[in-house]
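Peer 1: sharing a sequence plus its predicted fold:
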Amino acid sequence: MTALKSVTALATAAMLASPALAEGELNIFNWGNYTSPDLIEKFEKEYDIDVTITDYDSNDTALAKVRAGGHGFDIVVPSATY
């Protein structure tokens with residue numbers, strides 16, 4: 001499964017598993033330049049939802065932000081080491 005398909009699967013699973021923090025919005029925390037803008041555009045059109053991608057550049061940065069709380073992410077995509 002490609003990384004882009006994985007992100008789509010995760011996003012879909014997250015929407016089905018529990019309600020998002022804000023209806024009509026999906027907030028993803030992922031590696032910089034990892035998610036295709038075309039994929040996000042297609043997802044937004046198909047599900048009538050706005051997707052916001054917040055990038056990070058290292059696992060340490062990501063972990064610090066998640067541990068700090070209050071971030072509002074629906075999906076966090078860490079590397080395999082975390």
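Peer 2: Nice, I can see it. Because the structure is predicted, anything quoted here is derived from the model rather than measured.
Peer 1: quick one, strands of this structure?
Peer 2: Secondary structure of the chain by DSSP state E: the strands cover 25-31, 50-56, 75-76.
Peer 1: against T61, how distant is P78?
Peer 2: 11 Å (C-beta to C-beta, to the nearest Å). Any C-beta I mention is one placed from the backbone N, CA and C, and that applies to glycine too.
Peer 1: picking up where we left off before, just put the strands of the chain in a markdown table and tack on mean neighbour count.
Peer 2: Output for the strands of the chain, formatted as a markdown table (neighbours: other C-beta atoms under 10 Å):
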| stretch | mean neighbour count |
| --- | --- |
| strand 25-31 | 19 |
| strand 50-56 | 16 |
| strand 75-76 | 18 |
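Peer 1: which stretch among these comes nearest D38?
Peer 2: strand 50-56 (12.2 Å; C-beta to C-beta).
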